[in-house]
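>>> Predicted model, plus sequence, below.
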Amino acid sequence: MSTRQASSKDDPIIESRDQLAQPMQNGEKPKDRWRIGTEHEKFVYKTSDLSAPSYDEPGGIRDLLMGLTEFGWEPVEEGGKVIALAGADGTVSLEPAGQLELSGAPLENLHETCEETGRHLAQVKQVGEKLGVGFLGMGLWPDKTREDLPVMPKGRYGIMLRHMPRVGQLGLDMMLRTCTIQTNLDYSSEADMVQKFRVSLALQPLATALFANSPFLEGKPNGYLSYRSHIWSDTDPARTGMLPFVFEEGFGYERYVDYMLDVPMYFVFRDGKYIDAAGQSFRDFLKGELPALPGEKPRLSDWNDHLSTAFPEVRLKSFLEMRGADGGPWNRICALPALWVGLLYDQTALDAAWDLVRDWSMEEREALRNAVPRLALDAPIPGGRKLKDIAGEVLDIAQGGLSARGRLNTAGDNEGGFLGPLYDIVASGKVPAQVLLDKFNGAWGGDIRNIYPEKSF
């Protein structure tokens, strides 16, 4: 989640609705300036007893952040506490229960993405060895209850933790017990954004299936292959889901603005502090009638903050965010952006992907999204088929898109090799969660602790 570093006093006040589409419009870039941003989270645990370290304890999350400063990262503070790091490779930040996230820099190709990922993981492992902490690549804490987990000292998290139980049953689990891999991609125009949004939203359940990696809850199988994806179905219906309006005639920036104006607020950031505005309306804010700040109108940074508080399967800000994948190991961190870059950054591939899904009804898209957390690649799709029946075809389209890009490394390889782990999954017929369940029910003898050596970075 976003980390604010400054107050919004110098930002322009929003005087008209026209300004609300500016962040999306400003995101438009010519193709030669398209970049790849990759975000990945991992769980932090103490190697001595597998517990989750708190922020302040010796060897805890604060010490982990400060240990990373030896690699040139600069501390970012909130309320006198270091809650993030900034550097050439982007931002290192904290999720609510201490999950460690790298929000990578915008990079030109996937070779750079994987190098960035490798640098980050080498750094955290080096610091972790000194502190006695390890890093687990999963989509869900496999053994921790909510009560087992600490809460990080970030003001927005306190507001969200109070608000989540008012609007859903699983929002606290989303905050405290999940990890994801995401990729952020560019568009050249409003029309390009619309096509990319529709393709990525329709195929997001395929990413969820291929990356399904959260089959355990509190030490036992939970009945899902991506419980993390299931959690989003009961977090907050006002700010999650498949966004049917994206597929409607006339969709564009203005329609997304309408959607965001209907998403209830969480907070307003002023003078280094988060003011609780949970459940209040940005429409009222525009009129100077926000109960949390009566008489004050929003600034552009308030709107940018608000854009970061919706959690649909694909999110639009000044770029498109792919949000469907569970956290996982190093090779899948590189595979996720490879999938979406291959599909979205070459027009021939984008058109082919759209041809696959353009005739699906909204009801069919919703049914697929709802089935995938339990069934993954066995989820039904239109035409009496299953998701696995098109998975290979989608990967081939992505492979073609990456080949067409022609971004080579020093050995002369294009970016297509990063899809290898996904081809392996499709060929095996088993997503990562199913492999783990086989081990839990077999070699592990039902002992979830075996997952730590198996799935740690």
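Everything's here; your move.
>>> which strand in this protein runs the most residues?
Looking across the chain with DSSP state E, the single longest strand is strand 36-46.
>>> after that strand, next one along is what?
Next in sequence after strand 36-46, counting helices and strands by DSSP states H and E, comes helix 61-68.
>>> That following helix to strand 36-46, inter-axis angle?
120 degrees (axes from the mean of the first three to the mean of the last three CA atoms, to 10 degrees).
>>> quick one: the spatially closest residue to Trp34 that is not a sequence neighbour and Pro312, what's the gap?
Excluding the flanking residues, the one nearest Trp34 by CB to CB, 6 or more residues apart in numbering is Asp186, at 4.2 Å. Quick note: C-beta positions are derived from backbone N, CA and C, even for glycine. Separation of Asp186 from Pro312 (CB to CB, to the nearest Å): 18 Å.
>>> Comparing the two, which shows the higher neighbour count?
Remark: of Asp186 and Pro312, Asp186 carries more neighbours, 23 against 19, as counted by other CB atoms under 10 Å.
>>> Which residues are in contact with that one?
Contacts for Asp186 (CB atoms under 8 Å, 6 or more residues apart in numbering) come out as 27, 29, 33-35, 319-320.
>>> Mind giving me the ChimeraX command for buried ones among these?
Entered in ChimeraX, the line below selects the buried ones among the contacts of Asp186, by 16 or more other CB atoms under 10 Å:
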select :27,29,34,35,319,320
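>>> Closest one of the contacts of Asp186 to Leu206?
Leu320 (16.2 Å; CB to CB).
>>> Name whatever forms a beta bridge with the closest one.
On the basis of DSSP bridges, Leu320 is bridged to Leu185, Leu316.
>>> Surely it is in contact with Val314?
Yes: Leu320 is within contact range of Val314, at 6.1 Å (criterion: CB atoms under 8 Å).
>>> Give the intersection of the neighbour lists for the two.
With CB under 8 Å, 6+ apart, Leu320 and Val314 have common neighbours 197, 200.
>>> how far away is the residue nearest to Trp34 from Arg405?
13 Å.
>>> so Leu375 sits in a strand?
No: applying DSSP: H, G, I helix; E, B strand; the rest coil, one finds Leu375 to be helix, outside a strand.
>>> if I pick it, what's in contact with it?
Counting by CB under 8 Å, 6+ apart, the residues that Leu375 touches are 225, 387.
>>> For Gly445, see how far away it is.
Taking CB to CB, one finds Leu375 at 27 Å from Gly445.
>>> any chance you could map the helices in the stretch 351-457 of the chain?
362-375, 388-405, 420-428, 432-441, 451-455 (DSSP state H, counting those that start in this stretch).
>>> Other residues contacting the shortest one?
Contacts made with helix 451-455 from outside it, assessed by CB under 8 Å, 6+ apart, are listed as 45, 50, 134, 136-138, 142-143, 216, 329, 436, 439-440, 444.
>>> Quick one: end-to-end length of stretch 367-382, please.
10 Å (CA to CA, to the nearest Å).
>>> So what touches stretch 118-126?
42, 64, 68, 71, 89, 92, 100, 102, 104, 135, 330, 457.
>>> How about the first one: which residues does it bridge to?
Beta-bridge partners for Lys42, by DSSP bridges, are Leu100.
>>> Next up, the contacts around it.
Neighbours of Lys42 in contact, by CB under 8 Å, 6+ apart: 99-100, 124, 135-137, 179, 327, 457.
>>> repeat that for 7 Å
Contacts here follow CB atoms under 7 Å, 6 or more residues apart in numbering; on that basis Lys42 touches 99-100, 135-137, 179, 327, 457.
>>> The second one now?
The neighbourhood of Leu64, defined by CB under 7 Å, 6+ apart, consists of 44, 127, 131, 133.
>>> tell me the contacts of the last one?
Contacts here follow CB under 7 Å, 6+ apart; on that basis Val133 touches 44-47, 53, 59, 64.
>>> Was I right to think Leu336 contacts Thr183?
Yes: between Leu336 and Thr183 a contact is recorded at 5.5 Å, counting by CB atoms under 7 Å.
>>> pLDDT below threshold where in the stretch 1-150 of the chain?
1-10 (pLDDT under 70).
>>> Need the phi and psi values for the nearest residue to Phe216 once chain neighbours are set aside.
Spatially, and ignoring its direct neighbours in sequence, Phe216 is nearest to Pro142 (3.9 Å; CB to CB, 6+ apart). Main-chain torsions, Pro142, degrees, to the nearest 10: phi -80, psi -10.
>>> Please enumerate the strands of the stretch 151-300 of the chain.
180-185, 216-217, 220-221, 240-241, 267-270, 273-276 (DSSP state E, counting those that start in this stretch).
>>> which neighbours does the second one have in its sheet, and in what orientation?
Put plainly, it is strand 216-217. strand 220-221 (antiparallel).
>>> Buried members of the contacts of stretch 118-126 into PyMOL, please.
The buried subset of those, as determined by 16+ other CB under 10 Å, is captured in PyMOL by this line:
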select buried, resi 42+64+68+71+89+92+100+102+104+135+457
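>>> just the contacts of stretch 118-126 now: which is nearest Asn222?
The nearest one, if we look at those relative to Asn222 and count by CB to CB, is Lys42, at 19.9 Å.
>>> how close does the closest one sit to Leu261?
Taking CB to CB, one finds Lys42 at 35 Å from Leu261.
>>> got the contacts of Lys42 as TSV, with distance to Arg358 columns?
Listed next are these as TSV, based on distance: CB to CB, whole Å:
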residue	distance to Arg358
Gln99	36
Leu100	39
Phe135	40
Leu136	39
Gly137	35
Cys179	33
Gly327	31
Phe457	39
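>>> Do you have the strands of the stretch 1-150 of the chain handy? List them.
Counting by DSSP E, counting those that start in this stretch, the strands of the stretch 1-150 of the chain are 36-46, 74-78, 81-87, 90-94, 100-103, 133-136.
>>> Need these in a markdown table (columns: distance to Leu300).
Below are the strands of the stretch 1-150 of the chain laid out as a markdown table (distance: least, CB to CB, whole Å):
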| stretch | distance to Leu300 |
| --- | --- |
| strand 36-46 | 21 |
| strand 74-78 | 21 |
| strand 81-87 | 21 |
| strand 90-94 | 20 |
| strand 100-103 | 21 |
| strand 133-136 | 36 |
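>>> Leu387 is nearest to which of those?
Among the strands of the stretch 1-150 of the chain, if distance is taken as CB to CB, the winner is strand 36-46, at 23.7 Å.
>>> Enumerate the positions of the closest one that are buried.
36-46.
>>> Equivalent analysis for stretch 184-198, please.
Applying 16+ other CB under 10 Å to stretch 184-198 flags 184-188, 192-198 as buried.
>>> So which of the residues you listed are in helices?
Residues of the buried residues of stretch 184-198 located in helices (DSSP state H): 192-198.
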